[in-house]
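Asker: Requesting a structural model of the entry that follows:
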Amino acid sequence: MLEQILATTWKDLKILLKDFGGLATLFLMPTMFIFVMTLALGGLFSDGKDNPIELLVVNNDTGTIGAQIVDGLKATEGFAVETEWEGEPLTRDKAEALIIDEKRSIAVIIPADFSDTIERSVFDTPTGETPPKAQIDLVVDPTLSSQIVGPVKGTLNGLSQKALMTGVAPRGIDLFLDQIDQTSSTPMAAETRNSLREKAVRSTAGGGDTSSMLEVAQMQPAGMEVEQTPNAVQQYVPGWTLFGVFFIAQTLATSLLEEKKVGTFRRLLVAPMSRAALLLGKLTPLLIVNLVQIVLMFAVGVFIMPLVGAPKLELGAHPGALILVSLAASLAATGLGLLIAALAKTAEQISGLGTLLVVTMAALGGVMVPRYIMPDFMQTIGLISPHAWALTAYQDVLVRGYGAAHILPDVAVLMGFAVIFFGVALWRFKWD
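Answerer: Numbering: from 1, shown residues only. Sure, this is the predicted structure:
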């Protein structure tokens, strides 16, 4: 019996080893996940030193409070503070342009009258009147996660309170003591005492509450046509729609392989039609299915997700631009299916290679993990995936409110992927 088991085992091992490509994908798939997900999410398991938040800082304040806040940001672990760009001091316009161009995601703007406004709020506001409020502008790319924006706002509030206590409180205390010295010969009038008491309270930030004197105001860069900030629906509906669109590539590859096996493809080759027409006839149905799938998935985001308590998928100010992205992404996915059919020789290889390529590109492209939380080098590597360009284009329309003109470069890159996939596939495709 043992000999029979061993003989059967050896026979099946030889069958498996004959399809080396299919066997290799069994090992490549978990290896890919280990590399991509570990590198992409490594920052979530670190203390922030290896993947700091890149923070543009523009300090126009001529007083001391703004400088103390900037110094505090530089000393805070987890932040990489940039006050210059290409050797030139940052301005608000430059910082906003860098965010619009997606080179950076967040900027802190301290206005020129910041220290003066706070000092006037503390020392020069008459009793009973509302003091003027100083404001720090936090300019943010609206696609940036609240998990990143929240700590920045919290840190700014804490540093502002500390700067107030160390920069303004001493002057308030000195003023209080000087006033006592000047009036020590006669009893202090009640009105004077109340006034001094109010100034002392203000100078100590109301026992820690600085909201009456300053605020951190979050906003998007001027020129970004944004209707609302992004949410989980705007991230994952287009993301997983793209995953499904590209996964259909396996269906195309499997269909071509089956027709080769049963001889249908060989018979079609002798028909009075060109090979190009034959392939186009095979590809067009899958292209149509892809477009229908995109429409249905977006309809789920618009109509179904609100029914289960999730936000509604807003289609942006220029929903027609979504058609361009969808068509280009579908062409790229169809081209990938033809490429898989050209490279794989068995059904197992199609399944393994197709899954490996589609899942890897989805992971690198930001479908599983948003690219903005990845390290910079992973964001750069992700550009080899068509998913990254398609998802960026979708979010430009859905979140940032851009129209067709702005997303044309992304669409052009997707068409480039389609041309490369089709070109390599036709070069390697076996017609018999």
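Asker: low-scoring pLDDT stretches of the chain, where are they?
Answerer: Across the chain, residues meeting the criterion (pLDDT under 70) sit at 1-51, 122-129, 131, 165-213, 224-230, 260, 262-279, 281-282, 431-432.
Asker: What residue spans form the domains of it?
Answerer: With automatic domain parsing as the criterion, the domains of the chain are listed as 19-43+228-428, 52-219.
Asker: got these as JSON lines, with mean neighbour count columns?
Answerer: Any C-beta I mention is one placed from the backbone N, CA and C, and that applies to glycine too. Below are the domains of the chain laid out as JSON lines (neighbours: other C-beta atoms under 10 Å):
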{"stretch": "domain 19-43+228-428", "mean neighbour count": "18"}
{"stretch": "domain 52-219", "mean neighbour count": "16"}
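Asker: Once you drop chain neighbours, what's closest to residue 63?
Answerer: Spatial nearest neighbour of residue 63, excluding adjacent residues (C-beta to C-beta, 6 or more residues apart in numbering): residue 115 at 2.3 Å.
Asker: can you check residue 54 too?
Answerer: residue 80 (4.9 Å).
Asker: re the thing from before, do you know how far the residue nearest to residue 63 is from residue 71?
Answerer: Remark: distance between residue 115 and residue 71 (C-beta to C-beta, to the nearest Å) = 14 Å.
Asker: what does residue 381 give?
Answerer: Distance from residue 381 to residue 71, by C-beta to C-beta: 35 Å.
Asker: likewise residue 97?
Answerer: Taking C-beta to C-beta, one finds residue 97 at 26 Å from residue 71.
Asker: Report whether the expected contact of residue 62 with residue 112 is present.
Answerer: Yes. Residue 62 lies in contact with residue 112 (C-beta atoms under 8 Å); the separation is 6.5 Å.
Asker: And the strands in this protein?
Answerer: 53-59, 79-82, 84-85, 88-89, 106-110, 134-140, 214-219 (DSSP state E).
Asker: Just send those strands back as a markdown table, with distance to residue 258 too.
Answerer: What follows is the strands of the chain, written out as a markdown table (distance: least, C-beta to C-beta, whole Å):
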| stretch | distance to residue 258 |
| --- | --- |
| strand 53-59 | 50 |
| strand 79-82 | 53 |
| strand 84-85 | 56 |
| strand 88-89 | 61 |
| strand 106-110 | 52 |
| strand 134-140 | 51 |
| strand 214-219 | 55 |
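Asker: Residue 346: which of those is closest?
Answerer: Each of the strands of the chain has some distance to residue 346 by C-beta to C-beta; the shortest is strand 53-59, at 46.8 Å.
Asker: who touches the closest one?
Answerer: Outside strand 53-59, the residues that touch it by C-beta atoms under 8 Å, 6 or more residues apart in numbering are 66-67, 69-70, 73, 78-83, 85, 90-92, 95, 98-99, 104-110, 148, 151-152.
Asker: tell me the angle that strand makes with strand 134-140.
Answerer: Using axes from the mean of the first three to the mean of the last three C-alpha atoms, to 10 degrees, the inter-axis angle of strand 53-59 relative to strand 134-140 is 140 degrees.
Asker: mind listing what strand 53-59 pairs with, with the direction of each?
Answerer: According to DSSP bridges, strand 53-59 has the following sheet partners: strand 79-82 (parallel), strand 106-110 (parallel).
Asker: Rebuild these as TSV, extending it with distance to residue 419.
Answerer: TSV is the format used below for those (distance: least, C-beta to C-beta, whole Å):
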stretch	distance to residue 419
strand 79-82	38
strand 106-110	36
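Asker: nearest to residue 233, of those?
Answerer: strand 106-110 (22.6 Å).
Asker: send the alpha carbons of that closest one over as PDB?
Answerer: Output in PDB follows, covering the C-alpha atoms of strand 106-110 (Å, rounded to 0.1, in the frame of the first residue of the first chain):
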ATOM      1  CA  ILE A 106      -0.300  69.800   3.700                       C
ATOM      2  CA  ALA A 107       1.000  73.300   4.500                       C
ATOM      3  CA  VAL A 108       1.000  75.500   7.600                       C
ATOM      4  CA  ILE A 109       0.600  79.200   6.900                       C
ATOM      5  CA  ILE A 110       1.300  81.700   9.800                       C
END
